[in-house]
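Chemist: heads up, no residue letters with this:
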């Protein structure tokens, strides 16, 4: 008989009760109103997201990366593994309790990624962090969004935070020349891909792994405005 899940912690949020659950030694869930947001056993797309976004930065001097959403810190771990010792990461996370979990009972899953000296965690909306960076012209080498709601058919409007065309332009302004915008999604959204291309990005998308549930990783790289605007998108 399978072991029952034990609630380690719970907190009320604007979207409902956020919980951390554990079963056995290494099985953890993060849920909101009993909807599973993150499962410690299923994180291959999160690791692929961080690696794809930052693999080109290993030899770069002092790269700066913004990660939106902490989750269980698997994406953060992959980002750190692809940065030099001189790199730095800003993580924007809305819920401080998630940071507590990643520095506490979940820390061993990612070799304590949230406590890495290269990491600064801001309890903030990543959209606001992107906007401030764009306005201050303090660019990132990569912006990585690992949120539990990725681009989808209803996120097509111009003003939709993070995934609308206005947000994409702000993200572009918050990146250094040649910077990378990497996004996790549950399913491929062709309209989001097209908005990235229209904003001057060259776009590649992939579903990491084989078999089972395969989420989507979008990798968008800045191009010069003078370019034709055509990007190559693959699924």
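Modeler: Perfect, thanks for sending it. Since this is a predicted model, take the numbers as computed values, not measurements. Residues are numbered from 1 along each chain as shown.
Chemist: Can you tell me the element residue 67 falls in?
Modeler: Using DSSP states H and E, residue 67 maps to strand 64-68.
Chemist: any idea of the mean pLDDT in that strand?
Modeler: For strand 64-68, mean pLDDT is 98.
Chemist: Next, work out how far apart the spatially most central residue of the chain and residue 5 are.
Modeler: With distances taken as CA atoms, centre = their mean, the residue of the chain nearest its centroid is residue 146 (2.2 Å). According to CB to CB, to the nearest Å, residue 146 stands 23 Å off from residue 5. In this view, the C-beta of every residue, glycine as well, is placed from N, C-alpha and C.
Chemist: cool, residue 103 as well?
Modeler: Residue 103 sits 22 Å away from residue 5, going by CB to CB.
Chemist: Also residue 148?
Modeler: If you measure residue 148 against residue 5 using CB to CB, the figure is 19 Å.
Chemist: Name the residues that touch the longest strand belonging to the chain?
Modeler: Assignment by DSSP state E gives strand 175-185 as the longest strand of the chain. For strand 175-185, contacts defined as CB atoms under 8 Å, 6 or more residues apart in numbering pick out 45-46, 49-50, 52-54, 56, 75, 139-147, 150-152, 163, 168, 171-172, 192, 196, 201, 215-222.
Chemist: Within the sheet, what are the partner strands of it, with directions?
Modeler: strand 140-145 (parallel), strand 216-222 (antiparallel) (DSSP bridges).
Chemist: Just put those in TSV and tack on mean pLDDT and mean neighbour count.
Modeler: TSV is the format used below for those (pLDDT from 0 to 100; neighbours: other CB atoms under 10 Å):
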stretch	mean pLDDT	mean neighbour count
strand 140-145	98	26
strand 216-222	94	23
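Chemist: low-scoring stretches of this protein, by residue?
Modeler: For the chain, the stretches flagged by pLDDT under 70 are 1, 155-156, 209-213, 224-235.
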